[in-house]
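>>> Just the structure for this:
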Amino acid sequence: MHSNNMILKHPLSVRIFHYLLVISFIPLALTGLILFFKPFTEGAMNLTMHIHIAAGILLTFDALSFFIIGYKRVVLFISRVFSIKGNDFKWFAVLGGYPQKLLLHKKVPVPPMEKYNSGQKLFGVFVFIGGAILIFTGMALWAFPHNLPHGTVALMGHLHTIAAWALTLFLCVHVFLGIYMFDDFKAMFLHGKIPYEEAREMAPLWVEKEIIAISKNKS
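This next block holds a predicted model:
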């Protein structure tokens, strides 16, 4: 779906945060899988651990920097993804219509969404909570492994592994659907804009309540 009428969905600050998130989390996920299954020699595993730690430091720096610099956007993001409404349950009942489109080539009615659909909101909740768990437990296990009680270290290790697996599996779905919705994919990695018609179809409540409302206020 293409149009010369484009609207901004992902500002530059959000795109930069996303770039750094990709650069840090993908190496974290890959090295984390290697550290979990331990398929290589001791020397290779030590190198993998160093890469894992470096990527973790980058992820922590990225998250803390964006939280400080883009505090208002972080608060807005949290308010969006933690907002649960009746349409979210209806969206999950049909899984956003994606299985029907992909498997049956059939379009089914989908409840109107705001800026993020219900699946994106759920992913956002996992990213926020799971990311916080990953950063906190990862830094503690790296910096203070010998200063914490053995039971605490074991608990943090389990939490770190569970959060990592959950985010990695969610990431696979996120990447697949991100590429499937290619206009949004290009917007996040390139110019930040999506066609108005696509926004109106995928996120009509966002367009009606925020985009059109802002335009009317300016006129």
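
>>> And the strands in the protein, which stretches?
Assigned by DSSP state E, the chain shows strands spanning 6-8, 193-195.

>>> How far away from the center of its chain is the first one?
Once both centres are worked out by CA atoms, centre = their mean, to the nearest Å, strand 6-8 turns out to sit 21 Å from its chain's centre.

>>> Mean neighbour count, distance to Met202 and mean pLDDT for the strands of the chain - can I get that in TSV?
Just so you know, the C-beta spots here come from the backbone N, C-alpha and C atoms, and that holds for glycine as well. Shown next, in TSV, are the strands of the chain (neighbours: other CB atoms under 10 Å; distance: least, CB to CB, whole Å; pLDDT from 0 to 100):
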stretch	mean neighbour count	distance to Met202	mean pLDDT
strand 6-8	16	12	93
strand 193-195	19	8	93
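
>>> Among those strands, which comes closest to Phe89?
In terms of CB to CB, the element of the strands of the chain nearest to Phe89 is strand 193-195, at 26.0 Å.

>>> That closest one packs against which elements?
strand 6-8, helix 182-189 (3 or more CB pairs under 8 Å, 6 or more residues apart in numbering; DSSP states H and E).

>>> would JSON lines of those with distance to Leu95 be doable?
Formatted as JSON lines, the helices and strands packed on strand 193-195 follow (distance: least, CB to CB, whole Å):
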{"stretch": "strand 6-8", "distance to Leu95": "26"}
{"stretch": "helix 182-189", "distance to Leu95": "18"}
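
>>> Which of the ones you listed sits closest to Thr161?
That would be helix 182-189 among the helices and strands packed on strand 193-195, by CB to CB, at 28.4 Å.

>>> thinking again about what came up before, and the strands of the chain: which comes nearest Gly43?
strand 193-195 (46.8 Å).

>>> first to last residue in stretch 59-78, what's the distance?
In stretch 59-78, first residue to last residue: 19 Å (CA to CA, to the nearest Å).

>>> And the contacts of it?
Here stretch 59-78 makes contact (CB atoms under 8 Å, 6 or more residues apart in numbering) with 11, 13-14, 17, 20-21, 24-25, 28, 124, 128, 131, 134-135, 138-139.

>>> How about the contacts made by Leu12?
Leu12 touches Gly192, counting by CB under 8 Å, 6+ apart.
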